Structure formats: structure tokens, C-alpha cells
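> A predicted structure for the sequence below; I have some questions about it.
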There are 2 protein chains.
Amino acid sequence: MSLPTIAVDAMGGDEGVRVMVEGAALARRRHASFRFLLVGDEKRLASALDDHPDLRGAADILHAPEAVAGDEKPTQALRRAKVTSMGLAIDAVKRGEAGAAVSAGNTGALMAMAKLALRTLPGIDRPALAALVPTMGAHDLVMLDLGANTECDARNLYQFAIMGAAYARIVNGLESPCVRLLNIGTEETKGTGHLRDAAALLKEASGNLALTFDGFTEADKLSRGDFDVAVTDGFSGNVALKAMEGAARFVGDLLRRSFSSSLRSKLGFLISRPATDLLRHHLDPNQHNGAVFLGLNGVVVKSHGGASAVGMANAIAVATRLVEENLIERISADVAAVDPDTIRQPARRRAANTEGETAL
Amino acid sequence: MSLPTIAVDAMGGDEGVRVMVEGAALARRRHASFRFLLVGDEKRLASALDDHPDLRGAADILHAPEAVAGDEKPTQALRRAKVTSMGLAIDAVKRGEAGAAVSAGNTGALMAMAKLALRTLPGIDRPALAALVPTMGAHDLVMLDLGANTECDARNLYQFAIMGAAYARIVNGLESPCVRLLNIGTEETKGTGHLRDAAALLKEASGNLALTFDGFTEADKLSRGDFDVAVTDGFSGNVALKAMEGAARFVGDLLRRSFSSSLRSKLGFLISRPATDLLRHHLDPNQHNGAVFLGLNGVVVKSHGGASAVGMANAIAVATRLVEENLIERISADVAAVDPDTIRQPARRRAANTEGETAL
């Protein structure tokens, strides 16, 4: 079976056409059967391809005269879907010319365009953005939503759990991923009414789902590697992910500062360079690149805006794998397997904020 | 002027009476004028005091026959306020026998007891838990709420900003602390309606407040040290704080693993030991110990449950300083300085969750 063609928004991100094309070339060197539809300014693409003759036979060019700006409002970007590289890359997925789209561009615009062009799957109310978070365990943690939905109700969270588990089954080769809801304590009484309702829904349905629901987790356990999928609303997910990124950078900065504090420390740093290089590699966002919009009728992968060619190649590999392993069909089947009654919106409980609902 | 007496809940926390008393002794060695009311089992306290003759003259014992359990429900703990060390320590503050209470015990119980006994200040709807977060800057960041209030409206956030700024003025010696609201983007359209309303309130009132309102921050900027107070609801604050703690531990674990990966790395580690010790010291929670319940009619400081004697001494120093520098009076004055109209609850806007409200 031939691999799916990946549409690459070559004008997205901070690094420009050359890095996007270099990423495709790198992905192609790793997997000789990968195919690409490079979407962007045809002259610049042709020139960039000159540097990668091995990519030429595996890549078609689709001309797009314009690009979505990094700070462009999604509503504005939507109006330019037919002329921008991002819009045309998604359109190629819609028309079946590509199996997936990869973009390092404006996330809000990408989400809005993808949602409008590809629509959500039956049984899914809202798509969610999922990413892989490094852990001390055997594999990365799947975490969603990371910012597509500022506020979520129990039904949204329930659907995110189903989608996240399907994603973890593919990327981590798990049979029944262990899913937890992000909360501010692990006791059943903790958190908002939505979270408690979502927990009740998941407990009730878990016999019919290809996942193991394991209650709540606190945010300090996300990197431990003792579960597989963390489900949360887009606000908390975004806060948690960025807080972790910031803290990792902070510790790295402190380490650099400490190592340069004395001659002895500098010497120690030089000698232990392989160790700190290993650490840097493990924390490099390019190694974990490729967030996925789950719940859409098509695979759309978001790369970090500042991703290197290595990062792009990794995002492309993620996209290819999700198409090959039928992510969309799996999510659809998982949603269909659930009794529609259990997926129905529960009465919204008043959010708990009484004495005794503190977190720490 | 003599320093205030600090009531120490000697039965709270994981470490037991001896470590609590050792913490008081350590604080006393650093500041010879500190005075203590040690609350707990009098026999165990007397025995622990035998090891610290220098503390004896500066400490009274208040017998409490019982202790609040770590997993005790706040409602249950409230009923035992008159017989537990935690309840009696807070009661000593209420009766004016102590200037502040310090406890390493059950946070939910401490919050509930403190709120019931001390009441909130006029103009404050809900107390909040504030802590100091290490940064790359000249001083720690004040962050609140960290879990006392699962959900908050614009007025709560507005009051938290006033209280957090008063706290930062004292602990960091700032005149007009720079305050930001934690959000998932820095544009004005980002986040929930409550956040946007709180931003509008703060912008409007900032001429009358002893703070500089500086808009939104994302969670990856919390450790940078380029602002002084981060205001958020208790859910997101708890998630952010724990995510940072977890990530710092994760990087530390990775570092240890990297350093033990080869003989060369092990050697490098030994040589650079002063550097990694410096890092460990900087990240040690005991160095940043002492979260404060702000908005109450009295100073109550929460220590980490597993705090060492050093950690307890730091929490005691925080409590003493807040009493000495009139935290309660400052918050009251700041709240009184605000036009009551601006502190009124704005109409709750529908939470934004439309196209284009994505975060990343």
C-alpha cells in the first residue's frame, strides 16, 4: 500500500519555505515512500526544491499566492481560505488529494479553517488540540485540549477522553490507554461540577470504551509516565502545558547559570556535556513536535511555529502515521460504540465552591 | 517594639512535633526577638523543648488534646476546632494572644477554620491562598489563588489583585507591584469573560490602586521575573503551580538519569556538584515555604506538609514579617481606597468559545 500524500503549508511558521521543504526532505530520507503536496509560492518552492533533488520526484507543488499572518484573526483568515497556503493545504485534505495537512502557522486560523472545511465527526461536538508531553515513563503522555476550547462541559470532556484514547492507541501502540481527568485533587469531591460529571460519564461507559478510566490526576503527575492520556478543558490544558514548558526552561537557565558560577563548575559542565546534551535532546520541543486537531473529518497536524526541519519531519511522521492507522475511522467507531444516552448532556450542576472544596 | 507572638500548630504536617519545634528554634536563632505559642500535646511539646533550651524562654505551650488528620474533611475538622492544635492556634489569633498562626496541616481544614474564626475583611468576598514562586528575576513572584476558590468571577480576581499587590509590597519591598492576570494568550480577546471583565476593572481602577496593572500573562512566563504578581482562579493557579513543580522535578530526574548514564558523566557530576547543589537549593520548596491566606481578619500561614525545620523557620519568618508590616491594615486600606462602584459585580458575560478564541 502506498503511503498517503501529506499537504505541507510551506508558508506557515516563523522559519519560512526553506525550512518547511527541508523538513519534508528529511522526512522523505527517513521514509522513502512518503509523498508530499507542498503548498505555497511556486517560485520559492521550486527554488527550495533545487536543494533537495531527492524530494523532487516525491513532491508536487500547489501554488498559493498568499500566506496567513501569525497575528491574523481567525475570522479574517477564513475569508482568505481560497488564496492562502494554509487554506489550500486543508482544502487538499477535504478534496482527498492529501491524506493530511501539516502547518506551522497561526493555530487559531488553522483550527477555524479546518473546522469549517472538514467539519466535526458525527457524535463529536467540538474538536480538541492534542499533543504529546514527555514523561519519565516508557512513552509520551497524550494531553488534550490544549487551547481550542476555553470552557468545556462534561460531554466535551467525555468526548475528548474517547478521542485522546484513540490517539494514544495509535502513537503509543496501547490497547486500552489509561485516561485521567486533570483536577486539583484526586478525591471524588474535588474540582468543578463538569469534572465530576465527566468522571461519572466515563465510569459508566468504560465497559464500552477502548480505554481504562482512572479518575483524576493533579498537574504535578503529568510527567511521571504512570498513565497515558490527560483530559482537560482548553484553558487548564494550555496553562498546564505552558507552565511545564516555562518551568523546564527555568531549570535549564538555572543550570546554565550554576554551571558558569565557578571554574570548577565550568569544567564539570564540559566533562558532563553528553549528559546535558541528552537532557537537552529529551526536552527539545522539536522531538515532540506535532499537535493534532482531533474530532475532525480529516487529519490536521499543527507544528510549533518555530519548529526546525527536524521538528517538521517529526510532525510529518505523526501525520502520516495517523492516516495510515486510520485515526478518523477509529474515533468514529469508538464514538459509535457508546450508548448515545450516556453521551447526552447531564444537567449542569452548580459549580462547587463551598467550604471544604479547597485544593491543596 | 516587641515582635508579635506566632502561634505554631505543632501537630500539623507530616513531620511531627519535633520538627515543628526545631523550626521554631531555628527561627528564634535567626531572630532573637521572635516569640512563640506552641500549640499541641503538652507532654510532647515539653519533651521537644528540652532539646532547645534557647527556645524555652521565648515559647509558651498551649495544650491541645487532638490533631486534625491530613485527610480529614474540612466540615468535620470545623466541629473539632476547640480541641485541635490547628483550631486552637487560629483561636489564639482571634483572641489576640498571637499575631499570626502557622500550620503545616490539612489546607482545606485550615482554610475553613480560619475563615470561620477570623472572617473576611470588609470589601473582600473570598480569601485566597497566595505563595511565592521562584523566578529568574530579582525576587519571587506572588501568585494567587492557588486552590482556595475553584471558580472565580471578575470581582474575586479584582480583589485578589489588590491583596496580592499588598503582599508583594511587603515581601518584596515594592512600591507599585506589576500585576498580570493569568490567561491563555496576551491579546485582549483571549480567555473567559470573567478574565476580560477583571482586566477592565483593574484598568479602570489602577489610578487608585497601589499596583500597576499590566494585562495578561501566559503560564510559561511565570518564572521569568518580569512582573510581580500573577492573579488567577484557584483551579488554574493550582494547575499552574503543580505543573511547574512537576516539571522541575521531571527535569531534575532527567538530569540525574543523564549524569549516571556513563562514567564520564558521573565524573562531571562530581566535579560540578557545587553547581547542582546551587540548583537544588534554589528549587528547594523549603526555601520558598509559607503560603498565606489573604483577605482574612488575621494572618494565617500554611507551610508545606512535608516542610523541614528550615522550611518551618522560613514560614514563621514570613508570618512575623506580615504582622510587623501590617498586612491586614494595608489590604483594608487598599480596598477602602477603591470606589465601591468599580468593585461591583459586572454583568456576567457569556463565556467566549467562538471561532477564533483558540489559545495557541
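Yes, it's here.

> residue ranges with poor pLDDT in the stretch 251-360 of chain A?
Along the stretch 251-360 of chain A, segments meeting pLDDT under 70 span A:339-360.

> Tell me where it has strands.
Counting by DSSP state E, counting those that start in this stretch, one finds strands in the stretch 251-360 of chain A at the ranges A:291-294, A:299-302.

> Make TSV from the ones you listed and add distance to chain B and mean neighbour count to it.
All C-beta atoms are positioned from the backbone trio N, CA, C, and that covers glycine. Shown next, in TSV, are these (distance: least, Cβ to the nearest Cβ, whole Å; neighbours: other Cβ atoms under 10 Å in any protein chain shown):
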stretch	distance to chain B	mean neighbour count
strand A:291-294	8	28
strand A:299-302	7	28
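
> For A:A117, find the nearest of these.
Comparison of the strands of the stretch 251-360 of chain A against A:A117 by Cβ to Cβ identifies strand A:299-302 as nearest, at 9.3 Å.

> Pull the residues that contact that closest one.
Where contact means Cβ atoms under 8 Å, 6 or more residues apart in numbering or on different chains, the residues beyond strand A:299-302 that reach it are A:90, A:93, A:99-104, A:107, A:110, A:114, A:118, A:129, A:290-293, A:315-316, A:318-319, A:322-323, A:327-328, B:360.

> now with 6 Å?
The set of residues that contact strand A:299-302 without belonging to it, under Cβ atoms under 6 Å, 6 or more residues apart in numbering or on different chains, is A:100-102, A:107, A:110, A:114, A:290-293, A:315, A:318-319, A:322-323.

> Closest one to B:I184 out of those, please.
In terms of Cβ to Cβ, no member of those lies closer to B:I184 than A:T107, at 11.0 Å.

> What is the burial count for the nearest residue to A:A291 once chain neighbours are set aside?
Excluding its sequence neighbours, the residue lying closest to A:A291 (Cβ to Cβ, 6 or more residues apart in numbering or on different chains) is A:A131, at 4.0 Å. When neighbours are defined as other Cβ atoms under 10 Å in any protein chain shown, A:A131 has 25 of them.

> tell me the centre residue of chain A?
Nearest to the mean C-alpha position of chain A, by Cα atoms, centre = their mean, lies A:A291 at 1.8 Å.

> ok so, going back, and which of the contacts of strand A:299-302 is nearest to chain B?
Compare each of the contacts of strand A:299-302 with chain B using Cβ to the nearest Cβ and the shortest gap goes to A:T107, at 4.0 Å.

> got the phi/psi numbers for that closest one?
Phi and psi for A:T107, reported as degrees, to the nearest 10, are phi -60, psi -40.

> From the structure, what's the count of residues near it?
Neighbour count for A:T107, taken as other Cβ under 10 Å: 23.

> C-terminal to the helix or strand where A:A166 lies, what's the next element?
A:A166 is part of helix A:154-171, with elements assigned from DSSP states H and E. Going down the chain from helix A:154-171, the next helix or strand is strand A:178-182, by DSSP H and E.

> who touches that following strand?
With contacts defined as Cβ under 6 Å, 6+ apart, strand A:178-182 is touched by A:161, A:165, A:195, A:198-199, A:211-214, A:216-217, A:227-232, A:236.

> Where does the residue of the stretch 1-150 of chain A found nearest chain B sit: helix, strand or coil?
When distances are taken as Cβ to the nearest Cβ, the stretch 1-150 of chain A approaches chain B most closely through A:G147, which lies 2.9 Å from it. Reducing the assignment to helix, strand or coil with DSSP: H, G, I helix; E, B strand; the rest coil, the entry for A:G147 is coil.

> Is it in contact with A:D233, as I believe?
No - contact criterion Cβ atoms under 6 Å: A:G147 and A:D233 do not qualify, at 9.5 Å.

> and the helix holding A:A166 with strand A:178-182, angle?
Interaxial angle of helix A:154-171 relative to strand A:178-182 (axes from the mean of the first three to the mean of the last three Cα atoms, to 10 degrees): 140 degrees.

> Tell me the residues of the stretch 1-150 of chain A that contact chain B?
Taking Cβ under 6 Å from any Cβ of the partner chain as the contact definition, the stretch 1-150 of chain A meets chain B at A:73-75, A:107-108, A:111-112, A:136, A:147-150.

> pLDDT added to those, as CSV?
Written out in CSV, the entries for the residues of the stretch 1-150 of chain A next to chain B read as follows (pLDDT from 0 to 100):
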residue, pLDDT
A:K73, 90
A:P74, 92
A:T75, 93
A:T107, 90
A:G108, 90
A:M111, 94
A:A112, 94
A:M136, 89
A:G147, 89
A:A148, 89
A:N149, 91
A:T150, 90
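
> Scan those and report the most crowded one.
Of all the residues of the stretch 1-150 of chain A next to chain B, A:A148 has the most neighbours under the rule other Cβ under 10 Å, reaching 31 neighbours.

> Chain neighbours aside, what residue packs nearest to it?
That would be A:L129: by Cβ to Cβ, 6+ apart, it lies 4.5 Å from A:A148.

> For that neighbour, give me its contacts.
The contact partners of A:L129, by Cβ under 6 Å, 6+ apart, come to A:145-148, A:291, A:293.

> Is it part of a helix or strand, or is it coil?
When classified by three-state DSSP, A:L129 comes out as strand.

> Also A:V102?
Assigned state for A:V102: strand (three-state reduction, three-state DSSP).

> pLDDT at it, what is it?
Model confidence at A:V102, expressed as pLDDT, equals 97.

> Surely it is in contact with A:A315?
Yes - with the criterion set as Cβ under 6 Å, A:V102 and A:A315 qualify as a contacting pair; they are 5.2 Å apart.

> Going by how many neighbours each has, rank the two and give me the top one.
When A:V102 and A:A315 are compared for neighbours, A:V102 comes out ahead with 32 against 28, by other Cβ under 10 Å.

> how far away is the more buried one from A:A319?
A:V102 sits at a distance of 5 Å from A:A319 (criterion: Cβ to Cβ, to the nearest Å).

> repeat for A:D125
The span separating A:D125 from A:A319 equals 24 Å under the rule Cβ to Cβ.

> and those two? which has more neighbours close in?
Taking neighbours as other Cβ under 10 Å, A:D125 and A:A319 compare with A:A319 leading, 29 against 15.

> Report the contact partners of the more buried one.
When the contact criterion is Cβ under 6 Å, 6+ apart, the partners of A:A319 are A:6, A:100, A:102, A:299, A:301.
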